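Colleague: got a sequence here, can you build the structure:
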Amino acid sequence: MFEGITDGLRSALSFLNKGRLTESNVREGMQKVREALLEADVNYDVVQDFIGRVTERTLGDDVMKSLTPTQQFIGIVHQELVSLMGPVDHSLHLLKGEVTVLMMCGLQGSGKTTTCGKLARMLKEQGRRPMLVAADLQRPAAVEQLIVVGEQVGVTVYSEPPQSSTPLDVCRNAVAKARKEGGVDVVILDTAGRLHVDDELMKELEEIDARCQPHQVLLVCDAMTGQDAVNSARAFNEALELDGVILTKLDGDTRGGAALSVKTVTGVPIKFIGIGEQLDRLELFHPDRMAGRILGMGDVVTLFEKVQKEVDEDEVMKAQEKMRQGNFSLADFQKQMKMMKRLGPIRDVMKYIPGMGGIADAFSQMGDPEKELKRLDGIINSMTVWERENPNKIDRSRRTRIARGAGVDPAEVNALVRQFDQMSTLMRRMSGLGPIDRIRAVQELSRPGAIPADGEMRLAKQRSKRGPVDPQVLKDLKKKKRKDSNKSRKKNR
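Modeller: The predicted structure is shown next:
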């Protein structure tokens, strides 16, 4: 998410390393910021206004003569990014004791039908009783898709045969049924879309808006379309007076321009963002948190909310106690991996942590961490319960059997056991540290090459390919072993 704009801003703001701010390097740096924003497909007028405000505030006496001008400059950029995307009112203004009607609109391919299911799931978790309405009679199989989504979420779906109904009739009948029969307090209208904005689409939506009078009209936009998303938002807003925008596909290869432009250009706030195909991947849009992610400052609050929602607190406490006592096993490690997977892709989770964005990028260059976790999971699954509890007692015959079951080389099983032993020792030490010392320990681990046994795993992978071992891998491993041996000798002295 926003990788392009984050990398661009990181490069553009490199002038801050020059020690002090001057008018010359500020203007030079802001020119690079301007280029980074335009490359990210941010609206031209929005970029010009943003650069003007940041430059004017930065060149003021309060910043230039302060003791910490660089920190203040970053603060100004953060504040202006927040003002570009906010403020946001996340409330859908749901009524009490009455049926609230939400109208969803958007172009074909924007993820509108899936987003209807995500929103219904979110409302259901809040104690509401939503009903989905299949009013998209334009796209083939749209009704069937919404019915499948409704079954997955566990909510009612109202539909009528497309051959004998119109979208307006479907919406009116659904709202009337919800108000008459009860049992439903939120009706979500999944209206039809087109491949582009046209008069026929707008006329149909205007009729539904006028006759059903929805309490909120939400536009679903594909963030990957960049400025096209902003232009379509402007057209829909002129016809329907939108109450909010939902940006989808923010987990894809998006440049972020739509998120930074849509509020300023249309005046309509982004209320929610879709960050995945799964029906639980809908989040509230927080401009301040998003600005932090764009600047590489992380987003600890969102990560904490994810952890609270996805991770079993009792299991975490049990694991911490086992670490403290030195009883942490491979079975416990496997449970922790499964809990971590529920938070999302590892690279994305790391970018929520301040200062870890660069390490996440380094991980992406080394390979796919998700694939690596699956491989480790396969090795552990090939072990017996006793072996998972006592990995240090796995001998050669057991190692060979485990490797055969997992479809890997025995050297990879050995490397996993060694890594786990070193990791559990580290965890045991960290469990007795205070918060500040833990942060220092994590920072120490963040240094390139700080994680042990990496060379052994690389060597094991080389051997598992049944080809010649890369000489550089052997050289790196020998060099690391000599370094560790020298450290150990110095410590014993």
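Colleague: please enumerate the strands of this structure.
Modeller: 100-105, 130-135, 156-158, 186-191, 216-222, 244-248, 270-274, 282-284 (DSSP state E).
Colleague: tell me which of those sits nearest to Ser83.
Modeller: Between Ser83 and the strands of the chain, the tightest spacing by CB to CB is seen for strand 270-274, at 13.7 Å. C-beta coordinates here come from the backbone N, C-alpha and C atoms, glycine included.
Colleague: okay, now the sheet partners of the closest one, with direction.
Modeller: strand 244-248 (parallel), strand 282-284 (antiparallel) (DSSP bridges).
Colleague: direction-wise, compare it with strand 216-222 and give the angle.
Modeller: Put simply, strand 270-274 runs at 50 degrees to strand 216-222, going by axes from the mean of the first three to the mean of the last three CA atoms, to 10 degrees.
Colleague: give me the mean pLDDT for strand 270-274.
Modeller: Strand 270-274 carries an average pLDDT of 91.
Colleague: could you check how many residues crowd around the spatially closest residue to Arg281 that is not a sequence neighbour?
Modeller: Closest residue to Arg281 apart from its sequence neighbours, by CB to CB, 6 or more residues apart in numbering: Ile275 at 5.0 Å. Ile275 has 18 neighbours, counted by other CB atoms under 10 Å.
Colleague: for Gln31, same thing?
Modeller: 13.
Colleague: Gln79 too?
Modeller: There are 15 residues near Gln79, going by other CB under 10 Å.
Colleague: quick check, pLDDT for it.
Modeller: 86.
Colleague: from Lys203, how far off is it?
Modeller: According to CB to CB, to the nearest Å, Gln79 and Lys203 sit 42 Å apart.
Colleague: next one: Leu416
Modeller: 63 Å.
Colleague: more neighbours, the two?
Modeller: Set Leu416 next to Lys203 and count neighbours by other CB under 10 Å: Leu416 wins out with 27 against 10.
Colleague: nearest residue to that one in space, please, no chain neighbours.
Modeller: Of all residues not flanking Leu416 in the chain, Ile379 sits nearest, at 5.6 Å (CB to CB, 6+ apart).
Colleague: isn't that neighbour up against Ile402?
Modeller: Yes: here Ile379 reaches Ile402: they are 6.5 Å apart, a contact under CB atoms under 8 Å.
Colleague: overlap in contacts of these two?
Modeller: Taking CB atoms under 8 Å, 6 or more residues apart in numbering as the contact rule, Ile379 and Ile402 both touch Val413.
Colleague: among the two, which residue is more densely surrounded?
Modeller: Taking neighbours as other CB under 10 Å, Ile379 and Ile402 compare with Ile402 leading, 25 against 21.
Colleague: list the buried residues for stretch 212-231?
Modeller: 212, 214-231 (16 or more other CB atoms under 10 Å).
Colleague: any idea how far Phe328 is from the residue nearest to Leu416?
Modeller: Ile379 is 17 Å from Phe328, where distance means CB to CB.
Colleague: any regions of the stretch 251-400 of the chain where pLDDT drops low?
Modeller: Applying pLDDT under 70 to the stretch 251-400 of the chain flags residues 251-256, 296-313, 315-316, 319-320, 322-326, 340, 342-369.
Colleague: ranges for the helices of it?
Modeller: Using DSSP state H, counting those that start in this stretch, the helices of the stretch 251-400 of the chain run over 257-266, 287-294, 300-310, 313-325, 330-341, 346-350, 357-366, 369-381, 385-389, 396-406.
Colleague: same question for the stretch 1-150 of the chain.
Modeller: Taking DSSP H, counting those that start in this stretch to define them, one finds helices in the stretch 1-150 of the chain at 3-12, 23-39, 44-58, 61-64, 69-85, 112-125, 142-153.
Colleague: buried deepest among the strands paired with strand 270-274, which one?
Modeller: With neighbours defined as mean count of other CB atoms under 10 Å, the strands paired with strand 270-274 peak in mean count at strand 244-248, which reaches a mean of 26.
Colleague: and the angle for that one with strand 100-105?
Modeller: Using the same axes, to 10 degrees: strand 244-248 against strand 100-105 is 50 degrees.
Colleague: so for Ile208, what's the pLDDT?
Modeller: Model confidence at Ile208, given as pLDDT, is 94.
Colleague: can you list the buried residues in stretch 74-85?
Modeller: 76-78, 80-82, 84-85.
Colleague: per the record, what domains does the chain have?
Modeller: 3-85, 100-295, 308-452 (automatic domain parsing).
Colleague: contacting residues around Glu23?
Modeller: Per CB under 8 Å, 6+ apart, neighbours of Glu23: Leu59.
Colleague: and it, what pLDDT?
Modeller: pLDDT, Glu23: 79.
Colleague: skip the chain neighbours and tell me the closest residue to Cys142.
Modeller: No Cys there; residue 142 is Ala. In this structure, Ala142 finds its nearest non-sequential neighbour in Asp136, 4.0 Å apart by CB to CB, 6+ apart.
Colleague: how much space between that neighbour and Leu168?
Modeller: 13 Å.
Colleague: between those two, which is the more surrounded one?
Modeller: Applying other CB under 10 Å to Asp136 and Leu168 shows that Asp136 carries more neighbours, namely 25 against 17.
Colleague: Val33 contacts Ile51, doesn't it?
Modeller: Yes: using CB under 8 Å, Val33 is in contact with Ile51, at 6.6 Å.
Colleague: more neighbours: those two, which one.
Modeller: Comparing Val33 with Ile51 by other CB under 10 Å, the one with more neighbours is Val33, at 21 against 17.
Colleague: from Ala291, how far off is the more buried one?
Modeller: 14 Å.
Colleague: tell me what Val245 is bridged to.
Modeller: Leu219, Ile270.
Colleague: so it touches Pro269, yeah?
Modeller: Yes: using CB under 8 Å, Val245 is in contact with Pro269, at 7.0 Å.
Colleague: in contact with Val82, which residues?
Modeller: 287-288, 291.
Colleague: closest one of these to Asp89?
Modeller: Taking these together and measuring to Asp89 by CB to CB, the closest member is Pro287, at 11.7 Å.
Colleague: that closest one and Ala403, how far apart?
Modeller: For Pro287, the distance to Ala403 - CB to CB - is 51 Å.
Colleague: can you check Val42 too?
Modeller: Separation of Val42 from Ala403 (CB to CB): 51 Å.
Colleague: mind checking which of those two has more residues around it?
Modeller: A direct count of neighbours by other CB under 10 Å for Val42 and Ala403 places Val42 higher, at 26 against 20.
Colleague: roughly how far apart are that one and Gly244?
Modeller: 20 Å.
Colleague: before we move on, what about Ala134?
Modeller: Counting by CB to CB - Ala134 and Gly244 are separated by 22 Å.
Colleague: mind listing what's buried in stretch 396-409?
Modeller: 398-399, 401-403, 406, 408-409.
Colleague: per-residue confidence for Thr115?
Modeller: 95.
Colleague: for the closest residue in space to it that isn't next to it in sequence, give me the pLDDT.
Modeller: Of all residues not flanking Thr115 in the chain, Val220 sits nearest, at 5.0 Å (CB to CB, 6+ apart). Val220 carries a pLDDT value of 92.
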